[in-house]
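Peer 1: Sequence first, predicted coordinates after that:
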Amino acid sequence: MAKVRTASIPSEEEVARERERLQYQKRYRQTLRTTVYALVVVAALAVLLATLFVPVLQVSGSSMEPALSDGDVIVLLKTGSFETGDLVGFYYQNKLLLKRVIGGPGDVIDIDEEGNVSVNGEVLEEPYLAEKSLGETDITYPYQVPENRYFVMGDNRVTSIDSRSSAIGCIEVDQIVGKVVLRVWPLESFSIVQ
């Protein structure tokens, strides 16, 4: 004769504990799923914001010293208008370079042997420079900036390769990513960049 198994019926307390455990698991999964979705949406918005409006990048090199140092993290603002003295980021041969706008379309740029820069006959006040220098240049002065282009120079005039060299020349408006507005790293140097 076959042995008949009898199932034990759980008590009400055991049923209540199991129901509670299952509800807790369901709430936990819902919370985890909601958190993951929220993080994905926030990350996507951050990437979209950084790509379209305010790119964030790290400075590499010394051509903008003393204003910006190697390793600084900065925020750019995408804009279409640039003035003399603005720091801008632009693409050159698949690299993002940072330089200061010296002159815009149609401006006449002149640099003397001591490194004094004149735009349209007026000598620029450049308090951001540590040292003036003619630097590496192979263009003839006075130089007129072509239409839809900007003449840019690094603040470390001795070492910077910029619009003074025909290798880079004046940059087109389409090359410009944006204007540098904030230095966010290192934290002790957090500031609005000018």
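Peer 2: Structure received. These numbers were taken from a predicted model, which means no experiment stands behind them.

Peer 1: any low-confidence regions in the protein?
Peer 2: Residue ranges of the chain with pLDDT under 70: 1-4, 6, 50-54, 186-192, 194.

Peer 1: For it, which segments count as helices?
Peer 2: Applying DSSP state H to the chain gives helices spanning 12-52.

Peer 1: ok, and the closest non-adjacent residue to residue 66?
Peer 2: residue 130 (5.1 Å; Cβ to Cβ, 6 or more residues apart in numbering). For glycine as for every other residue, the C-beta is placed from the backbone atoms N, C-alpha and C.

Peer 1: Could you report the neighbour count for the one you found?
Peer 2: 12 (other Cβ atoms under 10 Å).

Peer 1: correct me, but it touches residue 65?
Peer 2: Yes: contact between residue 130 and residue 65 holds when scored by Cβ atoms under 8 Å: they sit 7.1 Å apart.

Peer 1: what do those two both touch?
Peer 2: Here residue 130 and residue 65 have 155-156 as joint contacts, going by Cβ atoms under 8 Å, 6 or more residues apart in numbering.

Peer 1: quick one: the strands in the protein?
Peer 2: In chain order, the chain shows strands spanning 56-58, 73-77, 87-92, 95-103, 108-111, 117-119, 122-123, 143-144, 149-153, 171-172, 176-185, 191-192, with DSSP state E as the criterion.

Peer 1: just how off-centre is the second one within its chain?
Peer 2: The chain centroid and the centroid of strand 73-77 are separated by 4 Å under Cα atoms, centre = their mean, to the nearest Å.

Peer 1: Quick check, central residue of the chain?
Peer 2: residue 56 (2.7 Å; Cα atoms, centre = their mean).

Peer 1: can you pull the contacts of that residue?
Peer 2: 50, 73-76, 184.

Peer 1: for these, which one is nearest residue 155?
Peer 2: Ranked by distance to residue 155 (Cβ to Cβ), the contacts of residue 56 are led by residue 74 at 13.7 Å.

Peer 1: you'd agree that closest one is up against residue 179?
Peer 2: No: when contacts are counted by Cβ under 8 Å, residue 74 is not listed as touching residue 179 (10.5 Å).

Peer 1: just to revisit the earlier point, tabulate the strands of the chain (a markdown table), appending distance to residue 134.
Peer 2: Converted to a markdown table, these look like this (distance: least, Cβ to Cβ, whole Å):
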| stretch | distance to residue 134 |
| --- | --- |
| strand 56-58 | 29 |
| strand 73-77 | 27 |
| strand 87-92 | 21 |
| strand 95-103 | 14 |
| strand 108-111 | 6 |
| strand 117-119 | 10 |
| strand 122-123 | 14 |
| strand 143-144 | 13 |
| strand 149-153 | 11 |
| strand 171-172 | 20 |
| strand 176-185 | 25 |
| strand 191-192 | 30 |
